[in-house]
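Q: I would like the atomic coordinates for the input below:
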Amino acid sequence: MISRQTAKKVRIWDIVNGEWVKKGGTEPNYIKTRYGEIVARVRILATIVGKFVSKDKKFGSLTLDDGTDTVRIKFFKELEPMENLKIGDLIDVIGKIREYKGEIYIMPEIVRKVEDPNFELLRKLEIIYKLKGLKKTKELIEKHKSEFKDDESLKKFLVEKHKLEPFWVDTFLSEKIEDKSERIRLEILKLLENNKGGMTYSDIIAKLKLKEAEVEPIINELLNEGVCYEPTPGKIKKI
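A: Residues are numbered from 1 along each chain as shown. Below is the predicted model of the structure:
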């Protein structure tokens, strides 16, 4: 079974200024950001600053601006998701990164209009937290990697000595698209499939023996994507 990559919350600047990596066979293409993060599928919160629909209505695009840069999301044949959207709307987009003739764009899977302005502030804080973690991890790996014979020894040193989150270290030490967050996602879904009545956040964290900071963002993503829901507050169940 081919699993779907995690939709990573990023700034538009990070993807349009990243390195486009084209893979062969069944491996997905991706962007490698300047912080070393591998991104094939994104989640972006931005304002619509441009809208285009072709005369034959078989192609449409929305130009998005999140304050760091702009990018287009493109619709082919199915233009219904963009019909009720207008310039000035704040939208939350999940989609795959694509490239055509040097332009990086997004093929949207989910497009939602956001009414709560606090949602934008929350997203910015989430990304700032992530970028700080990535930057610190990258600097320490570059500084100490020559001192260790293998990645596991380096990881143990960084986690124990410098108190880095294992999640950040794995982001850099793994060259695979299916990074640790994707493995955690699959483990959570497997747990929920085996517990049809649902599980509490604390039960999932205890079962996987992980930290709340590693599990919570992935659970939130599953909820936002509609893969799971909360039948009662604090309890998550797979749809």
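Q: Tell me how many other residues crowd the closest residue to Lys32 other than its chain neighbours.
A: In space, and not counting its chain neighbours, Lys32 is closest to Glu19: 4.5 Å by Cβ to Cβ, 6 or more residues apart in numbering. Yep, even glycine has a C-beta here, placed from its N, CA and C like the rest. Residues near Glu19, counting by other Cβ atoms under 10 Å, number 11.
Q: Could you double-check that Glu19 sits in contact with Ile31?
A: Yes: Glu19 is within contact range of Ile31, at 6.8 Å (criterion: Cβ atoms under 8 Å).
Q: where does this structure have low pLDDT?
A: Within the chain, the segments meeting pLDDT under 70 span 1-5, 24-26, 167-168, 171-181.
Q: how is it carved up into domains?
A: What automatic domain parsing lists as the domains of the chain is 8-115, 119-238.
Q: my read: Arg112 touches Leu90, true?
A: No: using Cβ under 8 Å, Arg112 is not in contact with Leu90, being 9.8 Å away.
Q: quick one: which of those two has more around it?
A: Higher neighbour count among Arg112 and Leu90: Leu90, with 18 against 13, using other Cβ under 10 Å.
Q: tell me the contacts of the residue nearest to Lys32?
A: 31-33 (Cβ atoms under 8 Å, 6 or more residues apart in numbering).
Q: Of those residues, just say which sits nearest to Pro117.
A: Nearest to Pro117 out of the contacts of Glu19 is Thr33 (Cβ to Cβ; 26.9 Å).
Q: what about the helices in the protein?
A: Ranges of helices within the chain are 12-16, 118-144, 151-161, 166-173, 180-194, 201-208, 212-224, based on DSSP state H.
Q: Among the ones you listed, which comes closest to Thr68?
A: Of the helices of the chain, nearest to Thr68 by Cβ to Cβ is helix 12-16, at 3.7 Å.
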